[in-house]
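# curious how this folds, go ahead:
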Amino acid sequence: MLYQSAAKINTITIMPSRATKNKKDENNANNEEMELAPESQGNSVAAHVRERQRAVAEREAARLARPERSRRSVLAHADRKLSAVSSTPFGFLASNRRSSKDDEPESEEWCGPFSVARQMIAKREEAKRKRIEELSEEQGEHHPLDAIMEEVNLQQQRKIHPSMQWKSNLPRSNDDGAVVTSTYAKRQRRVDLSKSGRNLIPSLFQITVSFIVDNFEHVESLGVIENDVRVAIAKELVGRNKLDAKAFEALVEHNTMETLEIIDCAGIPQDAMASVLASTTGLRYLLLTHAGRCFGRKSVKALLEKNASANLCCLSIAGAYLLEDDDAAKIIEAHDSTLQSIAFQSCPLLGDKFANAVHNNQKLSENLLELSLQDMQFSGNQLSMLANSKGALRGITNLTLKSITGLTDEVLGRILEISQASLDSLDIGYNHSLADATLLSIRKYNSLRLKTLILDGIKGLTGAGLEALFTHPLEGLPSPPKLKVLKLASIDPEAVTDELLRLVTASFMTSPKINEITNPNELEDTSFPPRFAAYHGLVRGGGLVQLDIQGSTLVTDQLLEHIVETSANTLETLNVSYCPLIKDQGLGYLVSKVGNQLTKIEVWGCAQLTDDFFDGHNRAQNGTLEIIGAWMKRSGTRTLR
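Presented below is the predicted three-dimensional model:
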């Protein structure tokens, strides 16, 4: 009896404390059967109940541990290519919004040499990637002689790539032989190096400008001076926040002034600007930056009334939020026979009338050389009017369409076709709707004279499209452009490679050598003086002058070696910010081989660079090379710069 009572107590304590309402009757029936069951069946029934209880508990725990997905619709970003941030802790929903590249069908393109070349380059890169993955899997096994083979390969790489042999000139110790280890000593050494080659004595011109600005409240008029002097005084006034209406009246020259250039007009009221424009009758160049409120309807009326007979050649207005659409059109129509440069930036009220003034004006084609539109909001119809203008854009040499809302590949292609291969400079940066089709239009219509190409911030460009732009030859297309200025900042991080830059500079390798030139007129590039100081047999003037590849994660020191081979005597500025594979050896080798015309290198975000380059390159002592962005540091460590 005692044993049976204990068995009953055990069975009761093993039973679940609570049961669901749907299983309540069934559990009561099971309890009655367990109480009446003989001793031989007590253990088996208890185990069955225990398993069922455990299954119920696990199911409830799994349900409570995983949060239920919200049924509310999530407002997606307007353009998912531009959105890199998710508001949920799990990122974007992979099941609904992510699709692998393998599942997407390949877009069919119109058959042509450019599209075929781009597809071949894309397939080649995919095959190369798979081949590298296969080789990395095969190299899993190790051999005792692997270390020796690696050393031999390293010696061969040093012979092929001379940048690997570069050594820093950084002294490891002080004059007394002590090793420099403290942060203060390293900072002091950096300051001493920066001051050693810098001319700290101001020039007489700087002293004079500072003296005039210090006592500018006593100046009634500057008289007849050159525009460069007036611009220097205006910059100093803006820097000290002294450029108000009174200072502006004393700064400008009335009646005979031909150029009015102000770098910041934020503190100038519209009445003061209108008064100056009304008293100036021979104005030819009007350049107002950060115009703000000073250039509105009243200023335009004064300009048109008092300068109607003047030959306005250059019109550059930036930030004029009061400039009406019809006022801008009136200025263009009044000076259409003399305008050579038109530039508007951040003028939000410009629209149909401005586009129509350019569209219907045939006189602009006689003199217009430059058209610059930046940070403007135009519709597709307005841009189509510009693209279909009656000869206004024929013969322009500089075209800037930067950050233009509504600009597409088709509209830009028509504009490039109208220009008739006359462009020397093209800036179409930060237009996120553009893609590789624009590169085809550039090569097809404007590759002959193009020297400056700025493609910053265009995320739709691919590496295959860029390589097809500079690949030579392609059947049915002209030769690729021979560029002096190339800016590819903030595009696809993997679009710019060492191979692409080799293609960009390949045209310079075909320049004639010095001993083969008998007549200076035979030079292909006539924009530079025929100075025959060459590097490795190349004509001076052949090579890149400015290169910006910010954010390119695949470029290495081999790119810098190739720049030395092709552009050692021409390179002036270089931007390799946020390029993680650029090292001290590559930049140090570049500085040691490139001429003194190199004045600026930007290295923001390159935390892999050390003091070996910053304080140990060949020009660290004379201070003639400006390195911007040297104050970065590795994550989690102290900065020494």
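
# run the chain-centre distance for the strand or helix carrying residue 159.
Secondary structure here is read from DSSP states H and E; on that basis residue 159 sits in helix 146-160. Remark: helix 146-160 is offset 37 Å from the chain centroid, using C-alpha atoms, centre = their mean, to the nearest Å.

# what lies in contact with that helix?
Contact partners of helix 146-160, identified using C-beta atoms under 8 Å, 6 or more residues apart in numbering, comprise 164, 165. All C-beta spots, glycine's among them, are computed from the backbone N, C-alpha and C.

# tabulate the CA atom coordinates of that helix in CSV.
The C-alpha trace of helix 146-160 is given here as CSV (Å, rounded to 0.1, in the frame of the first residue of the first chain):
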residue,chain,number,x,y,z
ASP,A,146,57.0,26.5,-49.6
ALA,A,147,58.9,29.1,-47.5
ILE,A,148,61.8,29.0,-49.9
MET,A,149,59.6,29.3,-53.0
GLU,A,150,57.8,32.3,-51.4
GLU,A,151,61.2,34.0,-50.8
VAL,A,152,62.1,33.4,-54.4
ASN,A,153,58.8,34.7,-55.6
LEU,A,154,59.2,37.7,-53.4
GLN,A,155,62.6,38.5,-55.0
GLN,A,156,61.1,38.2,-58.4
GLN,A,157,58.3,40.6,-57.4
ARG,A,158,60.7,43.1,-56.2
LYS,A,159,62.5,43.1,-59.5
ILE,A,160,59.2,43.5,-61.4
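
# how about that helix, which residues are buried there?
Buried positions in helix 146-160, judged by neighbour count with 16 or more other C-beta atoms under 10 Å: none.

# where are the low-confidence patches of the stretch 301-450 of the chain?
Under the criterion pLDDT under 70, the flagged ranges of the stretch 301-450 of the chain are 307-310, 390.

# can you pull out the strands in it?
With strands called from DSSP state E, counting those that start in this stretch, the stretch 301-450 of the chain shows them at 314-318, 341-345, 370-377, 398-405, 425-427.

# OK, contacts around the spatially closest residue to residue 272 that is not a sequence neighbour?
Spatial nearest neighbour of residue 272, chain neighbours left out: residue 245 (4.1 Å); criterion: C-beta to C-beta, 6 or more residues apart in numbering. Residue 245 makes contacts with 267, 268, 269, 271, 272, as judged by C-beta under 8 Å, 6+ apart.

# need phi/psi at residue 245.
For residue 245, the backbone dihedrals (degrees, to the nearest 10) come out as phi -60, psi -40.

# quick check: it vs residue 251, distance?
Distance, residue 245 to residue 251, using C-beta to C-beta, to the nearest Å: 11 Å.

# one more: residue 621?
Taken as C-beta to C-beta, the spacing of residue 621 relative to residue 251 amounts to 41 Å.

# neighbour count: the two, which is higher?
Remark: of residue 621 and residue 251, residue 251 carries more neighbours, 21 against 13, as counted by other C-beta atoms under 10 Å.

# my guess is that one contacts residue 230, does it?
Yes: between residue 251 and residue 230 a contact is recorded at 6.5 Å, counting by C-beta atoms under 8 Å.

# where does the stretch 101-250 of the chain have low pLDDT?
When the per-residue scores of the stretch 101-250 of the chain are filtered using pLDDT under 70, the ranges that remain are 101-111, 138-144, 172-181, 183, 187, 190, 193-200.

# can you count the residues close to residue 51?
Residue 51 has 10 neighbours, counted by other C-beta under 10 Å.

# that one: what secondary structure?
When the structure is split into helix, strand and coil by DSSP: H, G, I helix; E, B strand; the rest coil, residue 51 lands in helix.

# repeat that for the one 5 residues further on.
When classified by three-state DSSP, residue 56 comes out as helix.

# please tell me how far it sits from residue 479.
In terms of C-beta to C-beta, residue 56 sits 77 Å off from residue 479.

# what's near enough to touch residue 162?
With contact set as C-beta under 8 Å, 6+ apart, residue 162 has these partners: 561, 589.

# same check, this time on the one 3 residues further on
Remark: with contacts taken as C-beta under 8 Å, 6+ apart, residue 165 is in contact with 158, 585.
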